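1. Output the structure for:
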Amino acid sequence: MNHSATDPAAIETLPGIGPAVAAKFRALGLDTEIDLLFHRPLRYEDRTRILPMAALRPGMTAQVEGRVLHQEARQARKRSLLVVLEDDSGQVLLRFFHFYPSQRRLYAIGNRLRCFGEVRYGPEGYEMAHPQCTVLGAGAPLLPQYLSPIYPTTAGLGQQRLGQAVEHALERLLEGSLVLPDVLGRPAGLPPLRDALAAVHRPPLDAPLDDLIEGLHPAVQRLALEELAAHHLALARLNRARARQRAEALVDADGLIQRMLNQFPFVPTGAQVRVMAEISEDLAGTRPMRRLLQGDVGSGKTLVAAAAAAQAIGAGAQVAIVAPTEILAEQHLRNFSDWFEPLGIEPVWLAGKVTGRKRTRALEALADGAPLAVGTHALFQDGVEFRKLRLVIVDEQHRFGVGQRLALAAKGSHGARIPHQLAMTATPIPRTLAMTAYAGLEVSVIDELPPGRTPVTTALIDADRRPKVIERIRVALADGRQAYWVCPLIEESDVLEAEAAEVTAEELTRQLPEFSVGLVHGRLKSTEKQAQMDAFKDGCTRLLVATTVIEVGVDVPNASLMIIENAERLGLSQLHQLRGRVGRGSDKSACVLMYKSPLGQLARERLKVMRETTDGFRIAERDLELRGPGEVLGTRQTGMLRFRIADLARDAELLPKIPNLVNSISKTQADTLIDRWLGRSERFADV
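-> Numbers count the residues shown, from 1 in each chain. Got it, this is the predicted structure:
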């Protein structure tokens, strides 16, 4: 696409952003300067004041200033740097797990530091793990006038660099040197676009923070309305094009489905058989299948997807199975390998970490017509060519943007024909939302769990009772069972998330020395992650400490206890997914939701729902009623989400306003909105 002079600046042309750093921005879906403006903060920090150290309490996030009293590098399981900081009222210990010699010089005895971090109670009193520190020279930097936004980021892109880029774009917008056409103006009493962006990125001290974070603030609502309008326009164009599209009829001439099912030691449930028949009928027609397969955690969606794949392969076609994370894609690879290799079909694996000769071989195999591909969004990329792609299966499809799904579908387009598409989700979506979220998709529901699944008991426990929880784990492990301990994201950075999991694993290893403790987090290499998962699956590791990477795709029947730390920080959908990792065997299973007091009203309500029901659809409906922070259609993750700002659960009342709002706008204005929110508008240009 040729860009005109008025097009937004590409991310690598901005000050201080070279090609390597630009790649990190692009991983977050930030391709242009304007994308930065719509990168919504996860939360905000109050760095406008300094707190005396005597006022620190565990669990609070605070900013302190003081003089370095003592410094030492200590060797435990791994080296850490300890720095004692004091002010006139008291002391706090700063603990750094990863440090460089230059940091030791910065934190030399006598230096004055300003530090911001989460306070906890450690073996030597109050401490901050990896606080953000500034060395104060003769003139201390001024305290900010606004609350400081904390953005979703990714490995290799620090909060500071990302924040500076957003701030620079906002400054240019407000002074008028960055042009951002306000297509919708001031709809329904909401603020104009510029004011909304200023309120989101620079909230004043008295801003209603809960409303901003939960997305209920008028500024967030204004941005959400515009994004929903862009999706409405794009889907309307796609639907007009779909009416003209055809697909190839896929009939399983080889009887591959039955040969695959004959291998299984169990009979599919009635719900699985019903849904398989619906999909089979779709695939046998020339109208392109667009079906959403909903099924609660553990209901057997993968088997249904495998039957669809077998029908397509039996008809001589290629199938691509795509998942949003490597750990889930790897789980599919193992399942599909187990099921299809005995039939003489070996899946081709393609993910971001597949490089060099292996990648070349995978690309050659796909171009040559290998019948089955399994992978991550790497399958969408330029340079990946299929010979006869006729069925695309997308798991947890709400985590992929419209543009990404179109890119994969385009790879299977041949003349006027397009591939059939099957989308799967274990996130039950209330029917009130399904038609908006998945316009043009037929919906199938697996509403029956396989026999032998045990109900999971859920308990809420205050984090102060942690020793009792550890004792409960000891009893379960001594009884021959296995357990998960989940540490959710405590920061915007997966580096700090990994460190939090490492610290927890060290602590549990000390407290449960008679049992082996494993550790899985997003920063492990794929092979290390798999080795840890295999050790847990084989029973060598008894307790697995993990980040939310185990949310989907992990099946260990002997694991009957799940501890979720900081459960109040997660949405209902994620909690429900995590809980679904236990209760997969015949043992009585339990999920313990640990929370930090005091709990807000919304968090209390959400956790109460988890205790009251294990019905995923009931949980989704309740989430919608509570107007929670966007968990009904997934969590805000690195650049793969369908929506950047809008949340169909929270913003349901905005939807009826959109048709009238976009009725009077021109095609050029519609192009502007679609390009701004979905990018690559050329995909919609001719539809």
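2. May I ask you to name the longest strand in the chain?
-> Identified as the longest strand of the chain according to DSSP state E is strand 61-75.
3. For that strand, name the packing helices and strands.
-> Contact analysis of strand 61-75 by 3 or more Cβ pairs under 8 Å, 6 or more residues apart in numbering; DSSP states H and E lists strand 79-86, strand 91-96, strand 112-122 as its packing neighbours. C-beta: built from backbone N, CA, C; applies to glycine.
4. what's the offset of it from the middle of its chain?
-> Using Cα atoms, centre = their mean, to the nearest Å, the mean C-alpha position of strand 61-75 is found 34 Å from that of the whole chain.
5. What strands line up against that strand, and which way round?
-> strand 79-86 (antiparallel), strand 112-122 (antiparallel) (DSSP bridges).
6. and of the helices and strands packed on strand 61-75, who's closest to Ile17?
-> strand 112-122 (24.8 Å; Cβ to Cβ).
7. Kindly export that closest one (C-alpha atoms) in PDB.
-> Backbone C-alpha positions of strand 112-122 (Å, rounded to 0.1, in the frame of the first residue of the first chain) are rendered in PDB as follows:
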ATOM      1  CA  ARG A 112      20.500   9.500  47.300                       C
ATOM      2  CA  LEU A 113      17.800   7.400  45.500                       C
ATOM      3  CA  ARG A 114      14.200   7.900  44.600                       C
ATOM      4  CA  CYS A 115      12.500   4.400  44.300                       C
ATOM      5  CA  PHE A 116       9.100   3.200  43.300                       C
ATOM      6  CA  GLY A 117       7.800  -0.300  43.900                       C
ATOM      7  CA  GLU A 118       5.600  -2.800  45.700                       C
ATOM      8  CA  VAL A 119       6.200  -3.200  49.400                       C
ATOM      9  CA  ARG A 120       6.300  -6.700  51.000                       C
ATOM     10  CA  TYR A 121       7.400  -8.100  54.300                       C
ATOM     11  CA  GLY A 122      10.600 -10.200  53.800                       C
END
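8. For that strand, which outside residues touch it?
-> Residues outside strand 112-122 that contact it (Cβ atoms under 8 Å, 6 or more residues apart in numbering): 45, 47, 50, 56-68, 85, 92-95, 107, 126-136, 140-141, 490.
9. Out of the residues you listed, which end up buried?
-> For the contacts of strand 112-122, a burial check counting by 16 or more other Cβ atoms under 10 Å picks out 45, 47, 50, 56, 62-66, 68, 85, 92-95, 107, 126-131, 133, 490.
10. Rebuild the helices and strands packed on strand 61-75 as JSON lines, extending it with distance to Arg650 and mean pLDDT.
-> Shown next, in JSON lines, are the helices and strands packed on strand 61-75 (distance: least, Cβ to Cβ, whole Å; pLDDT from 0 to 100):
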{"stretch": "strand 79-86", "distance to Arg650": "41", "mean pLDDT": "90"}
{"stretch": "strand 91-96", "distance to Arg650": "37", "mean pLDDT": "92"}
{"stretch": "strand 112-122", "distance to Arg650": "27", "mean pLDDT": "91"}
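11. CSV for those, including distance to Leu524?
-> As requested, those are exported to CSV (distance: least, Cβ to Cβ, whole Å):
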stretch, distance to Leu524
strand 79-86, 19
strand 91-96, 21
strand 112-122, 24
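12. So for Val394, which of those strands sits nearest?
-> Nearest of these (Cβ to Cβ): strand 112-122, 36.9 Å.
13. Between strand 91-96 and that closest one, find me the angle.
-> 90 degrees (axes from the mean of the first three to the mean of the last three Cα atoms, to 10 degrees).
14. Pull out the buried residues from strand 112-122.
-> For strand 112-122, by 16+ other Cβ under 10 Å, it's Leu113, Arg114, Cys115, Phe116, Gly117, Glu118, Val119.
15. cool, stretch 345-357 as well?
-> Ile345, Pro347, Val348, Trp349, Leu350, Ala351, Val354.
16. May I have it as PDB, with CA atoms only?
-> The C-alpha trace of stretch 345-357 is given here as PDB (Å, rounded to 0.1, in the frame of the first residue of the first chain):
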ATOM      1  CA  ILE A 345      -0.100 -38.000   8.400                       C
ATOM      2  CA  GLU A 346       2.600 -36.000  10.100                       C
ATOM      3  CA  PRO A 347       1.700 -32.400  11.200                       C
ATOM      4  CA  VAL A 348       4.000 -29.600  10.000                       C
ATOM      5  CA  TRP A 349       5.000 -27.400  13.000                       C
ATOM      6  CA  LEU A 350       5.500 -23.600  12.400                       C
ATOM      7  CA  ALA A 351       5.900 -21.100  15.300                       C
ATOM      8  CA  GLY A 352       8.000 -17.900  15.800                       C
ATOM      9  CA  LYS A 353      10.800 -19.900  17.400                       C
ATOM     10  CA  VAL A 354      11.100 -22.300  14.400                       C
ATOM     11  CA  THR A 355      14.000 -20.800  12.500                       C
ATOM     12  CA  GLY A 356      16.800 -21.800  10.100                       C
ATOM     13  CA  ARG A 357      16.800 -25.100   8.300                       C
END
